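**Student:** My questions concern the predicted model and sequence given below.
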Amino acid sequence: KFNGEAIADFFKKYGIENKVKHRKLIIPGVARKLKDELEEELPDWDIIFGPLEASDIPKFLSEEWKE
């Protein structure tokens with residue numbers, strides 16, 4: 001089941017914090033209802049909601065991290 005607790009458990013089980021240098025989690029825009037739950041379960045992470053459509057991912061990434 002896709003919920004904040006399951007995502008946090010996955011992060012802990014597989015040591016995600018030790019595998020990345022950042023603390024940003026991008027989840028699909030349709031999962032916005034998980035925002036509060038994810039912020040509670042992963043307080044050190046910046047929860048970012050991506051686009052609703054997968055075809056919009058390249059545009060989203062180029063706009064999200066413009067320098």
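**Tutor:** Cool, got the structure.
**Student:** what sits up against the longest helix along the chain?
**Tutor:** The longest helix of the chain (DSSP state H) is helix 4-13. For helix 4-13, contacts defined as CB atoms under 8 Å, 6 or more residues apart in numbering pick out Ile16, Glu17, Leu25, Ile27, Leu34, Asp36, Glu37, Leu38, Glu40, Glu41, Leu42. Where you see a C-beta, it was placed from the backbone N, CA and C, and this is true even at glycine.
**Student:** Could you give the number of residues near the last one?
**Tutor:** Leu42 sits with 19 neighbouring residues when counted by other CB atoms under 10 Å.
**Student:** Quick check: it touching Leu25?
**Tutor:** Yes - counting by CB atoms under 8 Å, Leu25 is a contact partner of Leu42 at 6.7 Å.
**Student:** Now do the helices in the protein.
**Tutor:** 4-13, 16-19, 35-41, 57-64.
**Student:** Include mean pLDDT when you put these into JSON lines, please.
**Tutor:** Compiled in JSON lines, the helices of the chain are given as follows (pLDDT from 0 to 100):
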{"stretch": "helix 4-13", "mean pLDDT": "94"}
{"stretch": "helix 16-19", "mean pLDDT": "94"}
{"stretch": "helix 35-41", "mean pLDDT": "92"}
{"stretch": "helix 57-64", "mean pLDDT": "85"}
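**Student:** Let's have those helices in a markdown table, adding distance to Pro51.
**Tutor:** Formatted as a markdown table, the helices of the chain follow (distance: least, CB to CB, whole Å):
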| stretch | distance to Pro51 |
| --- | --- |
| helix 4-13 | 19 |
| helix 16-19 | 22 |
| helix 35-41 | 16 |
| helix 57-64 | 5 |
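**Student:** could you dump these to a markdown table with mean neighbour count?
**Tutor:** Below are these laid out as a markdown table (neighbours: other CB atoms under 10 Å):
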| stretch | mean neighbour count |
| --- | --- |
| helix 4-13 | 14 |
| helix 16-19 | 10 |
| helix 35-41 | 15 |
| helix 57-64 | 12 |
